[in-house]
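A.B. asks: mind folding the following:
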Amino acid sequence: MNTNTPLKIVIAESSVIIRSGLAVVLRRLPNLSVQPVEIATPESLTHYMQMHTPDIVIANPNFGGWFDLTTFKAAHEKSGIRYMALISSVTDPNMLKAYDGHFSICDDLDTIGAQINQILHTEEPEEENGEQDVLSQREKEIVTCVVKGMTNKAIADKLFLSIHTIITHRRNIARKLQIHSPAGLTIYAIVNKLVALEDIKL
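C.D. replies: Numbers count the residues shown, from 1 in each chain. This is a model prediction of the structure:
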């Protein structure tokens, strides 16, 4: 990516305090030049997307009451745009599945920067065709860390995520795989070649 070209990041959030506050934070991110675009209503977002192609859209899942990202993506089919959820209240993890990443208004500058860098350097997800592809790349990384005996805090530190995000991912992993024990995850990881037998902490 050309670091001389500012990242065009849309902030879709109805609260002016949160929206403007995040714009200030984005401008302060180290090693990233960001041009934030503040959008207050779903109608304004639709109008903007018809005329522009941002690099990232950061949206509150409760934007406009409930922001249906899957429908929105279908209506604005543009490749290369990444979508991040801005969590400002208790959010159903199922609402986050369509997003490429997410962060909370409680996260610090480093965490937000790491999350944005992560989605910028991750290839667009491919369609999930089989059971082995049920998990996202990030979820597979977390399964590998769990199987190796790492704590939530250690995983969060390693992947530059918040502990809350790790817990959310682990909940999603358990729901997707219907596996609710470390032993079950270990078997899954070995069968799907996510870890080698010698890497497992006994």
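A.B. asks: going by C-alpha atoms from here, please, whenever you check contacts or count neighbours.
C.D. replies: Noted.
A.B. asks: what about residue 178, how many neighbours?
C.D. replies: 11 (other C-alpha atoms under 10 Å).
A.B. asks: how near is it to residue 135?
C.D. replies: To residue 135, residue 178 is 12 Å away according to C-alpha to C-alpha, to the nearest Å.
A.B. asks: which residues are contacting the lengthiest helix in the chain?
C.D. replies: When the chain is parsed with DSSP state H, its longest helix is helix 163-177. The contact list for helix 163-177 (C-alpha atoms under 8 Å, 6 or more residues apart in numbering) reads 93, 103, 134-135, 139, 142-143, 152-153, 155-156, 179-180.
A.B. asks: grab the most central residue of the chain for me.
C.D. replies: The centroid of the chain falls nearest to residue 101 when counting by C-alpha atoms, centre = their mean (0.8 Å).
A.B. asks: I figured that one hits residue 86, correct?
C.D. replies: No - with contact defined as C-alpha atoms under 8 Å, residue 101 does not reach residue 86; the gap is 9.2 Å.
A.B. asks: ok, residue 16 - contacts?
C.D. replies: Residue 16 makes contact with residue 40, according to C-alpha under 8 Å, 6+ apart.
A.B. asks: and the chain, what are its domains?
C.D. replies: As recorded under automatic domain parsing, the domains making up the chain are 7-120, 132-195.
A.B. asks: mean pLDDT for these - can I get that in TSV?
C.D. replies: As requested, those are exported to TSV (pLDDT from 0 to 100):
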stretch	mean pLDDT
domain 7-120	88
domain 132-195	86
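A.B. asks: can you give me the helices for the protein?
C.D. replies: Ranges of helices within the chain are 16-27, 42-51, 69-75, 109-120, 137-147, 152-159, 163-177, 182-191, based on DSSP H.
A.B. asks: give me whichever of these is most buried.
C.D. replies: When the helices of the chain are scored by mean count of other C-alpha atoms under 10 Å, the highest mean neighbour count falls to helix 137-147 (a mean of 19).
A.B. asks: now that helix, how far from the centre of its chain.
C.D. replies: Distance of helix 137-147 from its chain centroid, counting by C-alpha atoms, centre = their mean, to the nearest Å, is 15 Å.
A.B. asks: ok, now stretch 109-119?
C.D. replies: 10 Å.
A.B. asks: thinking again about what came up before, got the angle between the longest helix of the chain and helix 182-191?
C.D. replies: Calculated by axes from the mean of the first three to the mean of the last three C-alpha atoms, to 10 degrees, helix 163-177 forms an angle of 70 degrees with helix 182-191.
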